[in-house]
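Engineer: coords please:
(one chain, ligands or ions: 3)
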Amino acid sequence: MSSGSRELRMDPTTRTWILVGKPPQEPAGKQAPEACPFCPGREGDTPATIAAITGPDGAWRVRCFPDRAPIFRIEGPFDRAGEGLYDRMRNVGAHEVIVESREHGRRLPQLSDAELADALRLIQGRVSDLHRDPRFRYVLLFRNQGPLAGSLIDHPHSHLVGTPVIPRRLEQELRWAKQHFDYKERCLACDILHQELRDGRRLVEATPSFVALCPFAPRFPYETWLFPRRHQHAFPRCAPDGETGLPGLAALLRRTLARIEHLVSDYHLVLHDAPNEQAERPAGDWTTLRDDFHWHLELLPLTARIARLQREEEFYENPVPPEEAAAALRAAPVG
Ligand SMILES: [Zn+2]
Ligand SMILES: [Zn+2]
Ligand SMILES: [Zn+2]
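Structural biologist: Ligands and ions are numbered 1, 2, ... in the order given. This is a model prediction of the structure:
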């Protein structure tokens, strides 16, 4: 391995892919830049626009461009190789930034439902586009809000990462969803929704098309998941218009984030989507994916620095039971 390059290595004891090696030098260091590079008029400070949604005046409202300090490199093949029992490959992938508003310092609940729907439309278009690259097995959307979540720039933005490997947590979810389907011939998430809608104690809000709920065993206080109410395996399948589509999702997401921000200011938002079905993959994978997996958003509020037991051993402690969290979130204002 040459210095300055990184590669993916698989830990065979947990089947986790790890990005090993020194990261490339970042242009401005890992510090908040003095002038915000995401503000209108400073587009020249970022790489060129890949996609944008523009208003009637022709100016962008939502904008997407490659990250200046990408986690992965876009060019070249994987060069997947074995070394005895070990596996390694080059860190090929895509890393894009989506700026969700022209206005600096705005938070997602302060956007209008229509603005948030535009941001989701651009994100969905980018996910579908990255799926056309068969090198990417998974496209990861995440959003860090606040310093505890590691966000340095106070301008609303998300990250999109196309990777040759499936993130570990997703891999676990895919495996258990498939196993549930193999036993019961039903989608695990549909079963969860059915039970939670009947029970009601952990529901935050349900619309005719989407459901926000606190999971039975949450890792974080006020952790909330958002599902389409009717079975749908992949986010790109969500309709761009209408209450059953992205505008309906945007409205419930905005209200749910407003509730969460009333209680906790910092959080991660992550999309758990089906893997890229157009990717090269070993035969036999994902044979029932369309029936067994159900895409969703996870909102993970952060109230404290991560404890060692959780960080190193992935053993979570949560002082707020989800029944109490859901009651507090239901009572919180949505405006
Ligand atoms: Zn800004
Ligand atoms: Zn389902
Ligand atoms: Zn999930």
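Engineer: find the nearest non-adjacent residue to L246, please.
Structural biologist: Using CB to CB, 6 or more residues apart in numbering and skipping residues adjacent in sequence, the residue nearest L246 is L120, 4.5 Å away. Bear in mind the C-beta positions are built from the backbone N, C-alpha and C, glycine included.
Engineer: what's the helix or strand for that neighbour?
Structural biologist: Using DSSP states H and E, L120 falls within helix 113-131.
Engineer: contacts for the helix or strand that that helix is followed by, please.
Structural biologist: Using DSSP H and E, the helix or strand that follows helix 113-131 towards the C-terminus is strand 138-145. Strand 138-145 is contacted from outside by 107-108, 123, 127, 130-131, 150-151, 157-163, 165-167, 170, 265-271, 273, 275-276, using CB atoms under 8 Å, 6 or more residues apart in numbering.
Engineer: so what strands line up beside strand 138-145?
Structural biologist: Using DSSP bridges, the strands paired with strand 138-145 are strand 157-163 (antiparallel), strand 266-272 (antiparallel).
Engineer: now the last one: how far from the chain's centre is it?
Structural biologist: Centroid separation between strand 266-272 and its chain, computed with CA atoms, centre = their mean, to the nearest Å, is 6 Å.
Engineer: are any of the contacts of strand 138-145 buried, and which?
Structural biologist: Burial by neighbour count, 16 or more other CB atoms under 10 Å: within the contacts of strand 138-145 this picks out 108, 123, 127, 130-131, 151, 157-163, 165-167, 170, 265-271, 273, 275-276.
Engineer: what does this structure have sitting close to ligand 2?
Structural biologist: The chain has residues C187, A189, C190, H231, H294 near ligand 2, with proximity defined as CB under 5 Å from the ion.
Engineer: looking at those, which are in helices?
Structural biologist: A189, C190 (DSSP state H).
Engineer: the helices in this protein, which residues?
Structural biologist: 113-131, 168-184, 188-199, 246-263, 289-292, 308-313, 322-331.
Engineer: ok, back up a step: which pair of the residues of the chain next to ligand 2 spans the longest distance?
Structural biologist: Greatest spatial distance in the residues of the chain next to ligand 2: A189 and H231, 7.9 Å, computed using CB to CB.
Engineer: the more surrounded of these two?
Structural biologist: A189 (24 against 16; other CB atoms under 10 Å).
Engineer: distance of that one from A326?
Structural biologist: For A189, the distance to A326 (CB to CB, to the nearest Å) stands at 18 Å.
Engineer: what's the answer for T288, then?
Structural biologist: If you go by CB to CB, the gap between T288 and A326 works out to 31 Å.
Engineer: before we move on, back to that, what's near enough to touch the residue nearest to L246?
Structural biologist: Contacts of L120 by CB under 8 Å, 6+ apart are L246, L249, A250, L253.
Engineer: excluding its backbone neighbours, what's nearest R201?
Structural biologist: E323 (4.7 Å).
Engineer: is the residue nearest the centre of the chain bridged to anything, and to what?
Structural biologist: When CA atoms, centre = their mean is applied to the chain, the residue found nearest the centroid is V270 (2.6 Å). For V270, the beta-bridge partners are F142, E298 (DSSP bridges).
Engineer: so it makes contact with F235?
Structural biologist: No - with contacts counted by CB atoms under 8 Å, V270 stays clear of F235, the gap being 11.8 Å.
Engineer: for this protein, what helix or strand is lowest in average pLDDT?
Structural biologist: helix 308-313 (a mean of 72; mean pLDDT, DSSP states H and E).
Engineer: ok, and what's touching that one?
Structural biologist: R219, F315, Y316, E317.
Engineer: count the neighbours of the residue nearest to R168 when sequence neighbours are not counted for me.
Structural biologist: Using CB to CB, 6+ apart and skipping the chain neighbours, the partner closest in space to R168 is T16 (5.0 Å). T16 has 13 neighbours, counted by other CB under 10 Å.
Engineer: again with the one 4 residues further on
Structural biologist: Here the neighbour count serves as a burial measure; for V20 (other CB under 10 Å) it reads 13.
Engineer: partners of it in the sheet?
Structural biologist: Counting by DSSP bridges, the residues bridging with V20 are E7.
Engineer: R9 is in contact with that one, correct?
Structural biologist: Yes - using CB under 8 Å, V20 is in contact with R9, at 5.0 Å.
Engineer: what does the stretch 1-150 of the chain have sitting close to ligand 1?
Structural biologist: C36, F38, C39, H104.
Engineer: do that again at 8 Å, thanks
Structural biologist: Neighbours of ligand 1 within the stretch 1-150 of the chain, by CB under 8 Å from the ion: C36, P37, F38, C39, R42, E103, H104, G105.
Engineer: how is the chain divided into domains?
Structural biologist: Listed by automatic domain parsing, the domain ranges of the chain are 7-25+37-163, 185-331.
Engineer: save the ones you listed as JSON lines, and put in distance to K178 too.
Structural biologist: Output for the domains of the chain, formatted as JSON lines (distance: least, CB to CB, whole Å):
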{"stretch": "domain 7-25+37-163", "distance to K178": "15"}
{"stretch": "domain 185-331", "distance to K178": "5"}
